[in-house]
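S.K.: This is the structure alone, sequence omitted:
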């Protein structure tokens, strides 16, 4: 009986540890951007964050002590040790995948990523892979002629891998164990569907640009997770081409498409709408909605949309998708100094804001000096570490003394 209790305790510890992992875009399949388990990084020590190692690239995810990412395009899929950054394995793309791998996700002991072939026009295809997370060994692969996520990650939930394709306006569901296509649904011909879908409570959420109206509007869809059947659709103001991924949190669906609209996920009943502020991405905790857009970051009351605080920067400062952990909002940003003739970005920073007050707790340069590609991807927080990608590669930052 003693050994049985020990076995149960070990299993529970593993579950808790896995719950801390930022394993998909926006932490999990809901894309809420909030790690509720993070405790090591605090308001008191966040200013002491320093880089402990660097070397990953692109948009990372974390699972079971490893960081998975794709450095460069076309690039290999790599796995590095979270503690030291040591390279554990690497998988190059196939010879016909000239665009390399898209961003990965990790679920359990499996890493999913799409290898992409792009020759315009119109020779495009994606091959979805499943790799053993520990060894990098391929478990299965399948060519998806109508679901080509290109440079966006899939979403994994309830034994299915979901992908969207803005070029074919199709979303599809693939069996996570076998690679078999379970269902494929054309959303709307002539529209542009978001490549990244959110999944929650048996429903798959996406939205498309509505080309039938002069004023920018988007159409929001909810599909049955297991069959692909349409459950509901609604039209709201927005612009898909300056928009972020859908988010489900606290019984609300958030659509950040310049205008931020909310819906009841089960019924599609509209909730509150935020206008007068350009919103391109959101993260949602149990107490706060954090929005980012060009030149601004803001916090809202999730029940009403009331603005709690906002920080306005220059219109040229581009803020990333936010991430929330332990009472703080983390965001990376850079300044667009492009002219008509030259693309020039500089001054990439990682910032941490107090979630309650909006006060900036810390700011760190992501690159040693500004140069042409000085941009930054969004940060993730997992296991007491902030991972953020800048022009000089990905950095793993931890507080002093940890």
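M.R.: It's in. Please read all numbers here as calculations on a predicted model, not as lab measurements.
S.K.: Now do the same for the closest residue to residue 380 other than its chain neighbours: its pLDDT.
M.R.: Take residue 380 and drop its neighbours on the chain: the residue closest to it by Cβ to Cβ, 6 or more residues apart in numbering is residue 22, 4.3 Å away. C-beta here means a position set from N, CA and C on the backbone, and glycine is covered the same way. Residue 22 carries a pLDDT value of 97.
S.K.: do the same with the one 3 residues further on
M.R.: Here, the pLDDT recorded for residue 25 equals 94.
S.K.: Show me which residues of the strand ranked longest in the chain are buried.
M.R.: Longest strand in the chain by number of residues (criterion: DSSP state E): strand 252-263. By neighbour count on 16 or more other Cβ atoms under 10 Å, the buried set for strand 252-263 is 252-263.
S.K.: again, but for stretch 271-291
M.R.: Of the residues in stretch 271-291, those buried by neighbour count under the rule 16+ other Cβ under 10 Å are 271, 274, 278-285, 288-291.
S.K.: Identify the bridge partners of residue 291.
M.R.: residue 282, residue 298 (DSSP bridges).
S.K.: sorry, that was for residue 386
M.R.: With DSSP bridges as the rule, residue 386 is bridged to residue 381, residue 397.
S.K.: For it, which residues are in contact?
M.R.: Residue 386 makes contact with 41, 49, 330, 350, 379-380, 396-398, according to Cβ atoms under 8 Å, 6 or more residues apart in numbering.
S.K.: pLDDT-wise, what's the bottom of those?
M.R.: residue 350 (89).
S.K.: Helices along the protein, start to end?
M.R.: Secondary structure of the chain (DSSP state H): helices at 2-19.
S.K.: Check whether residue 80 really touches residue 67, as I assumed.
M.R.: Yes: at 4.8 Å, residue 80 counts as touching residue 67 under the criterion of Cβ atoms under 8 Å.
S.K.: Touching both of those two, which residues are there?
M.R.: residue 56.
S.K.: who's more crowded, these two?
M.R.: Between residue 80 and residue 67, residue 67 has the larger neighbour count (other Cβ atoms under 10 Å), namely 27 against 23.
S.K.: For the residue nearest to residue 380, give its distance to residue 379.
M.R.: 10 Å (Cβ to Cβ, to the nearest Å).
S.K.: what sits in contact with each of these two?
M.R.: Residues touching both residue 22 and residue 379 (Cβ under 8 Å, 6+ apart): residue 387.
S.K.: And the strands in the stretch 101-250 of the chain?
M.R.: Assignment of strands within the stretch 101-250 of the chain using DSSP state E, counting those that start in this stretch yields the ranges 105-107, 110-119, 123-132, 138-144, 155-157, 160-165, 170-175, 181-186, 198-200, 203-209, 217-224, 230-237, 247-249.
S.K.: ok, residue 401 to residue 351 distance?
M.R.: Distance from residue 401 to residue 351, counting by Cβ to Cβ: 22 Å.
S.K.: quick one: which of those two has more around it?
M.R.: Neighbour totals were compared for residue 401 and residue 351, and residue 351 leads with 22 against 6 (other Cβ under 10 Å).
S.K.: Not counting residues beside it along the chain, what's closest to the more buried one?
M.R.: In space, residue 351 is closest to residue 363, 4.7 Å off (Cβ to Cβ, 6+ apart).
S.K.: Pull the contacting residues for that neighbour.
M.R.: Residues near residue 363 by Cβ under 8 Å, 6+ apart: 349-352.
S.K.: what does residue 27 give?
M.R.: So residue 27 contacts 33-35, 323, 380 (Cβ under 8 Å, 6+ apart).
S.K.: any idea which of these has the most stuff around it?
M.R.: Neighbour tally across the contacts of residue 27 (other Cβ under 10 Å): the maximum, 31 neighbours, falls on residue 33.
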